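**Q** compute the structure for the input listed below.
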Amino acid sequence: MTDPQDRRGPETPVEAVGPDADDALDHALRERPVDEDTDFDFDDAAGHPAAGDDAEDYVLYSEVRPHLEALVQLQNERAKMVDLLLYARDRVSSPAVAARMDDNLAQLGIQVLVPRVGERFDPQRHEASATVHTDDPAQQGTIAELELAGYADGDRVVRHPVVTVFALDRGGSA
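**A** I've put the predicted structure just below:
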């Protein structure tokens, strides 16, 4: 059997992703059904299992760990890539380029959140950066302008849309 570190490659040090991979593996092993008679005693001094079924668990761990480490590294790289794409998307002024970027982001699982002007402002879904005065009570609390689109990565909101909201003019101009 080859050393698992040989498959990882020199660019992926264990220290960089090891703890996250260990946590993922621990979670996976906890989810696996275990017989009541299974013995999980390990020889802590040697760092290897003593014998029997424990040896099989250790082999499973040593075979899976490099793949888990690679997965953690890819997830970290994906997060950096998504941040870079969102930074670029925020600065695009051409509607055609923005639409094409939105399509590519959608392929990565990133949804662009663009509320419509006139939609009711919801502090749970929008971030207000400014208000615009209005005399129309029907516009009170609605979105006047979209300043920055929001983004969701799967179920996680990366950033809420930043909007300007209509507010009634209470000053009463003379």
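
**Q** helices of the chain, residue ranges please.
**A** For the chain, applying DSSP state H gives helices covering 4-8, 14-31, 53-90, 95-107.

**Q** out of those helices, which gets the lowest mean score?
**A** Across these, helix 4-8 has the smallest mean pLDDT, namely a mean of 43.

**Q** so the nearest residue to residue 120 once chain neighbours are set aside versus residue 149, what's the distance?
**A** Excluding the flanking residues, the one nearest residue 120 by Cβ to Cβ, 6 or more residues apart in numbering is residue 142, at 5.7 Å. Just so you know, the C-beta spots here come from the backbone N, C-alpha and C atoms, and that holds for glycine as well. Using Cβ to Cβ, to the nearest Å, residue 142 is found at 18 Å from residue 149.

**Q** my guess is residue 148 contacts residue 164, does it?
**A** No. Taking Cβ atoms under 8 Å as the definition, residue 148 is not a contact partner of residue 164, at 10.8 Å.

**Q** about what we covered before: contacting residues around the residue nearest to residue 120?
**A** For residue 142, the contact set (Cβ atoms under 8 Å, 6 or more residues apart in numbering) comprises 117, 118, 119, 120, 121, 165, 166.

**Q** which of those are buried, as a ChimeraX select command?
**A** In ChimeraX, this line selects whichever of the contacts of residue 142 come out buried by 16 or more other Cβ atoms under 10 Å:
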select :121,165,166
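
**Q** let's have the contacts of residue 142 in CSV, adding pLDDT.
**A** Listed next are those as CSV, based on pLDDT from 0 to 100:
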residue, pLDDT
117, 95
118, 95
119, 96
120, 97
121, 97
165, 97
166, 97
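
**Q** could you export the contacts of residue 142 as CSV, including distance to residue 108?
**A** Below are these laid out as CSV (distance: Cβ to Cβ, whole Å):
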residue, distance to residue 108
117, 27
118, 30
119, 26
120, 30
121, 29
165, 30
166, 34
